[in-house]
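Visitor: pasting a predicted model and its sequence here:
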Amino acid sequence: MGIVYAKAVVTGPKGSRTVKFLVDSGASYSLLPLSVWKRIGIKPKKKMEFTLADGTEIVRSVAECFIQVFDEEAHTPVVLGEEGDEALLGVITLENLGLILNPFKRQLQPIRLMLA
């Protein structure tokens, strides 16, 4: 599968920023780079442990922000990145927005929601 990026506007207590995210269908949580979350005034709420693709375990702070991709908007939990961490758009955020990654077309599209 190819690499897919999406631009999103993230909003915190002190403002908004447009961020270019790598869409990562293997990541549960989205990740905001250090410079972004500090600039928009997001404060850590708790720490969580994550396992990376290579098996490495890391601890990162987690908070919540408001995010907009295309015309879709939602609140979402986000991992607060540290120095060198890149912006990732994970599946929890995509589901909150009602979007899914189509791996064949390499694009985000509306998800088919089920109420069952």
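Guide: Yep, that arrived. Numbers count the residues shown, from 1 in each chain.
Visitor: can you give me the helices in this protein?
Guide: For the chain, the helices defined by DSSP state H cover 34-39, 91-97.
Visitor: output the contacting helices and strands for the last one.
Guide: Contacts of helix 91-97 with other secondary structure elements, assessed using 3 or more CB pairs under 8 Å, 6 or more residues apart in numbering; DSSP states H and E, are made with strand 57-69, strand 72-80. No exception for glycine: its C-beta is placed from N, CA and C like everyone else's.
Visitor: which of those strands sits closest to A6?
Guide: Using CB to CB as the criterion, the shortest distance between A6 and the helices and strands packed on helix 91-97 is 5.8 Å, found for strand 57-69.
Visitor: the closest one pairs with which strands, and in what direction?
Guide: The sheet places strand 57-69 alongside strand 5-12 (antiparallel), strand 46-51 (antiparallel), strand 72-80 (antiparallel), with pairing taken from DSSP bridges.
Visitor: now R17: how far from V62?
Guide: For R17, the distance to V62 under the criterion CB to CB, to the nearest Å works out to 19 Å.
Visitor: pretty sure V59 sits against K46.
Guide: No. V59 is beyond contact range of K46, at 10.6 Å (criterion: CB atoms under 8 Å).
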